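A.B. asks: Would you be able to build a 3D model of this:
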Amino acid sequence: MDGLELAQGVLVMAATNRPQALDAALVRPGRFDLVLYVPPPDQAGRLQALQIHCRKIPLAADVDLGTIAAATDCYTGAELAAICREAAVAALREGVHSAKEVGQRHFNAALAGVRPQLDAAELLRYENWGRRSTD
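C.D. replies: The predicted model follows:
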């Protein structure tokens, strides 16, 4: 990246959840000059993430992943994974030997404990930063 050596066919990518903390030298032309804002998943994406993270979890009939997806606006994929993990742990806490399924009450407990780290205002700042960097 310093320009002293020719490096053909090399693509350098980076990701951050704190773009405002980047040194201006990193985002000048020729460096990390293409900024792609990747928002947290929308409701359909959250549903897909929940389905993926629940693949190996035996769900009770009362579990509605669509309702959980609707209730998790601003949650990242990692936070959705944490909800599924915490719901499974909540079921185990009820009875290690008797836990056969994870029910909606377990997901409700997980939702009470796993809160999103992002809020609408912060998402707007990220979106605006990404727009400003590409203008």
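
A.B. asks: Can you tell me how far the spatially closest residue to residue 100 that is not a sequence neighbour is from residue 26?
C.D. replies: Excluding its sequence neighbours, the residue lying closest to residue 100 (C-beta to C-beta, 6 or more residues apart in numbering) is residue 58, at 6.4 Å. In short, each C-beta sits where N, CA and C put it, glycine included. Using C-beta to C-beta, to the nearest Å, residue 58 is found at 46 Å from residue 26.

A.B. asks: circling back: am I right that the residue nearest to residue 100 is in contact with residue 103?
C.D. replies: No - using C-beta atoms under 8 Å, residue 58 is not in contact with residue 103, being 10.1 Å away.

A.B. asks: In the helix ranked longest in the chain, which residues are buried?
C.D. replies: If you go by DSSP state H, the chain has its longest helix at helix 77-94. By 16 or more other C-beta atoms under 10 Å, the buried positions in helix 77-94 come out as 77, 79-84, 86-88, 90-91.

A.B. asks: same thing with stretch 17-25?
C.D. replies: Across stretch 17-25, burial judged by 16+ other C-beta under 10 Å covers residue 19.
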